[in-house]
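Enquirer: Sequence and computational prediction follow.
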Amino acid sequence: MKTCACGSKTPYDECCLPFHLGQQLPQSAVQLMRSRYCAFVEKRYQYILDTHAKAFRQGLTINLLAQDAPEWLGLQVITAQEAKNQATVSFKAWYIVAKQIDVIYESSSFIKQDGRWFYTEGEQMTAPLPKRNEPCVCNSGKKFKQCCLLRC
């Protein structure tokens, strides 16, 4: 059984798949953010579009989302602050493109409308790559040098 890419360590079909299929709604901004990351991994671009607040899409389309899709390595949630109808979640989403490891380090904003959470926009930040002996970004439990660094 396939483990969910969101980092929950539970099976995908019990974790994010029900969100992706519209059978359940994320109950928090963190849950939405994790399910959106998983949707990128699983190439479920319609879900990403559907959970992006319309007023903030700025021409975003499924075709744009699918262009140059990276190999996703892992997600780290750093902080989360949630109020009644708005939230901020900072995270690192690690990936490989053209044999180079990189990261999206973002402080994302979310709003809750009609009982549903939506992503609005994010502030990009910079993060250093992990050092060779640090834990790998894919959460394998191995050192970075013995895991994802070998893939580059």
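Expert: Here it is on my side, so go on.

Enquirer: Check the protein for its longest helix and report it.
Expert: Using DSSP state H, we find that the single longest helix of the chain is helix 29-42.

Enquirer: Toward the C-terminus from that one, list the very next helix or strand.
Expert: helix 45-50 (DSSP states H and E).

Enquirer: For that following helix, name the packing helices and strands.
Expert: Using 3 or more C-beta pairs under 8 Å, 6 or more residues apart in numbering; DSSP states H and E, the elements in contact with helix 45-50 are helix 29-42, helix 62-66. The way it works is simple: take the backbone N, C-alpha and C, and place the C-beta from them, glycine included.

Enquirer: Let me see the mean pLDDT of the shortest one.
Expert: The predicted model gives helix 62-66 an average pLDDT of 92.

Enquirer: which parts of the helix or strand just after that helix are buried?
Expert: Using DSSP H and E, the helix or strand that follows helix 62-66 in sequence is strand 71-82. Judged by neighbour count using 16 or more other C-beta atoms under 10 Å, the buried positions of strand 71-82 are 72-75, 77, 80.

Enquirer: again, but for stretch 49-62
Expert: Buried residues in stretch 49-62 (16+ other C-beta under 10 Å): 49, 51-53.

Enquirer: now swap in stretch 23-31 and tell me
Expert: The neighbour-count check on stretch 23-31 (16+ other C-beta under 10 Å) flags 26, 29-31 as buried.

Enquirer: Start and end of that stretch, how far apart?
Expert: End-to-end distance of stretch 23-31 (C-alpha to C-alpha, to the nearest Å): 15 Å.

Enquirer: from the chain's centre, how far out does that stretch sit?
Expert: 13 Å (C-alpha atoms, centre = their mean, to the nearest Å).

Enquirer: what's the average pLDDT for it?
Expert: Mean per-residue pLDDT for stretch 23-31: 97.

Enquirer: which residues sit against that stretch?
Expert: With contacts defined as C-beta atoms under 8 Å, 6 or more residues apart in numbering, stretch 23-31 is touched by 18-19, 32, 35, 51, 77, 80, 82, 87-89, 110, 112, 115-117.
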